[in-house]
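Undergrad: here you go, sequence then predicted model.
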Amino acid sequence: MLPSQDFSGYKTPFYAYDLELLRQTLDAITACVPANACVHYALKANASPVILSEIASKGFGADCVSGGEIKIAMAAGFDPSKIAFAGVGKTDEEILLGLEAEIGVFNVESREELEVIAGLAAGCGKVAPVALRVNPNIDAHTHHYITTGLAENKFGIGMDQLPELARYAAKSPSVDLIGLHFHIGSQILDMKPYAVLCQRINALQEILKSEGISLQSINVGGGLGIDYEQPDLHPVPDFTDYFRTITDNIVLDPGQTLHFELGRSVVAQCGSLITRVVYVKHGVEKKFVIVDAGMTELIRPALYGAHHLIQNLSAHTADSLIDTYDVVGPVCESSDVFATAISLPAVSRGDILAIRSAGAYGEVMASGYNCRTLNPSVYY
């Protein structure tokens, strides 16, 4: 929800997290997740130890894409047996870390990777649990940078390659083929691509069964989107519709488990980037609100052209004069822009602004460009 506490005494910029909203979101997921399913939280969305501790306490698994994330997940209390390790470029060191920790599954993206995992597992006397990530060639109708399921993307193996690779994995003594893994993109609001995904999964399962290959689990990925336009109207995503779409369309064998990887939809709405107005600059045709946060703190608008609702927390009256501004940061890049031509209650130097829905892919992607530093987060 809109931050209600007074942030004027804090050094800006910083991230503020509404832990009560996070707990409500976790409870909403728990209430409607299928009985035969496990939700793995995607650490790439937000790796704050405080956030991770809250999520781990609910019994969620973890979706990790690096050795560093595996270490942080375990330190936060996630059960290693519920850790799924994904990513197209796992190093030998990271694979060995996963083997030593006895994580739940390696989501394998190529034959080359599978051969390396098999060799490393054999070398240390272990059997690696693996799921084959299949690229289902489905357009999730989202930004091209966060679409992951098209044939042109770098992720996964082609559907026509699956039978041969599955046969190879099934015969390997140092890997245990336990499932299939899919992920079609992020910030998905239309449920139709998920229905199509389930149909592809059903067909692929039939092909593998004709080869005599049965699987323990199916991982459908994540990607559920949130409402960036009106976060206070929809603080908790519609998880019921999301899970229902999957369960209504997928055909599971007896005893098979279903796995989900949710990131953005878990944490995005509970986080805001809090920033202070440094100057209000009157240009030739525009007014610029120059704030002390920049693309170094929140890169999504510069990287994706992403929209975040911006609110002036210092505007205390409903009848404040409304004006039009570009909200920009101090970084020496023309792309360091949070919003253009937006309406805000009249802004003055020193006002506190909240850039909303920033709990996912915000703090975790912050950088030190221009030798800038991010101040400690606030949890309330």
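TA: Yes, it's here.
Undergrad: going by C-alpha atoms from here, please, whenever you check contacts or count neighbours.
TA: Fine.
Undergrad: residue 281 against residue 291, yeah?
TA: No. Here residue 281 lies out of contact with residue 291, judged by CA atoms under 8 Å, at a distance of 10.8 Å.
Undergrad: any stretches of the stretch 101-250 of the chain with poor pLDDT?
TA: Applying pLDDT under 70 to the stretch 101-250 of the chain flags the ranges 139-153.
Undergrad: how about a cut-off of 50?
TA: Residue ranges of the stretch 101-250 of the chain with pLDDT under 50: 142-143, 145-146, 148-150.
Undergrad: which residues in it form strands?
TA: Residue ranges of the strands in the stretch 101-250 of the chain, as given by DSSP state E, counting those that start in this stretch, are 105-108, 128-135, 157-158, 175-181, 217-222.
Undergrad: any chance of those in JSON lines, plus mean neighbour count and distance to residue 228?
TA: Shown next, in JSON lines, are the strands of the stretch 101-250 of the chain (neighbours: other CA atoms under 10 Å; distance: least, CA to CA, whole Å):
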{"stretch": "strand 105-108", "mean neighbour count": "27", "distance to residue 228": "30"}
{"stretch": "strand 128-135", "mean neighbour count": "26", "distance to residue 228": "28"}
{"stretch": "strand 157-158", "mean neighbour count": "18", "distance to residue 228": "32"}
{"stretch": "strand 175-181", "mean neighbour count": "23", "distance to residue 228": "28"}
{"stretch": "strand 217-222", "mean neighbour count": "23", "distance to residue 228": "18"}
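Undergrad: how about those, which one is nearest residue 380?
TA: Closest to residue 380 of the strands of the stretch 101-250 of the chain is strand 217-222 (CA to CA; 27.4 Å).
Undergrad: who does that closest one touch, helix- and strand-wise?
TA: strand 175-181, strand 257-262 (3 or more CA pairs under 8 Å, 6 or more residues apart in numbering; DSSP states H and E).
Undergrad: quick one: it to strand 175-181, angle?
TA: Using axes from the mean of the first three to the mean of the last three CA atoms, to 10 degrees, the inter-axis angle of strand 217-222 relative to strand 175-181 is 40 degrees.
Undergrad: which neighbours in the sheet does strand 217-222 have, and how are they oriented?
TA: Here strand 217-222 is paired, per DSSP bridges, with strand 175-181 (parallel), strand 257-262 (parallel).
Undergrad: that strand to strand 128-135, inter-axis angle?
TA: With the same axes, to 10 degrees applied, the angle from strand 217-222 to strand 128-135 works out at 50 degrees.
Undergrad: output strand 217-222 as PDB, nothing but the C-alphas.
TA: In PDB, the C-alpha atoms belonging to strand 217-222 read as follows (Å, rounded to 0.1, in the frame of the first residue of the first chain):
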ATOM      1  CA  SER A 217       7.500 -33.400 -11.700                       C
ATOM      2  CA  ILE A 218       6.500 -30.600 -14.100                       C
ATOM      3  CA  ASN A 219       7.700 -27.000 -13.500                       C
ATOM      4  CA  VAL A 220       5.600 -24.500 -15.400                       C
ATOM      5  CA  GLY A 221       7.800 -21.500 -14.400                       C
ATOM      6  CA  GLY A 222       6.300 -18.200 -13.300                       C
END
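Undergrad: what distance separates it from the centre of its chain?
TA: Centre-to-centre, strand 217-222 and its host chain are 14 Å apart (CA atoms, centre = their mean, to the nearest Å).
Undergrad: now stretch 373-380
TA: Chain-centre distance of stretch 373-380: 20 Å, with CA atoms, centre = their mean.
Undergrad: which residues are in contact with it?
TA: 11-20, 297, 366-367 (CA atoms under 8 Å, 6 or more residues apart in numbering).
Undergrad: in that stretch, which residues are buried?
TA: Across stretch 373-380, burial judged by 16 or more other CA atoms under 10 Å covers 374, 377.
Undergrad: tabulate the strands paired with strand 217-222 (TSV), appending distance to residue 50.
TA: Formatted as TSV, these follow (distance: least, CA to CA, whole Å):
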stretch	distance to residue 50
strand 175-181	29
strand 257-262	18
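Undergrad: select, out of the ones you listed, the one closest to residue 235.
TA: Of those, nearest to residue 235 by CA to CA is strand 257-262, at 15.6 Å.
Undergrad: what residues does that closest one touch?
TA: 36-42, 62-63, 216-224.
Undergrad: cool, stretch 63-80 as well?
TA: Residues outside stretch 63-80 that contact it (CA under 8 Å, 6+ apart): 40-44, 47, 49, 52-53, 56-57, 59-62, 83-87, 90, 93-95, 97-98, 101-104, 261.
Undergrad: and what of stretch 96-113?
TA: 67, 70, 80-88, 90, 114, 120-121, 126, 128-134, 155-157, 165, 181.
Undergrad: how far away is the nearest residue to residue 257 once chain neighbours are set aside from residue 258?
TA: In space, residue 257 comes closest to residue 217 once its chain neighbours are excluded; the distance is 4.7 Å by CA to CA, 6 or more residues apart in numbering. Applying CA to CA, to the nearest Å, one obtains 6 Å for the distance of residue 217 from residue 258.
Undergrad: contacts only, for residue 326.
TA: 286, 287, 288, 289, 337, 338, 339, 340, 341, 342.
Undergrad: do you know the pLDDT at the fifth one?
TA: In this prediction, residue 337 carries a pLDDT score of 98.
Undergrad: beta partners for the closest residue in space to it that isn't next to it in sequence?
TA: Closest residue to residue 337 apart from its sequence neighbours, by CA to CA, 6+ apart: residue 328 at 4.3 Å. Beta bridges link residue 328 to residue 290, residue 337 when assigned by DSSP bridges.
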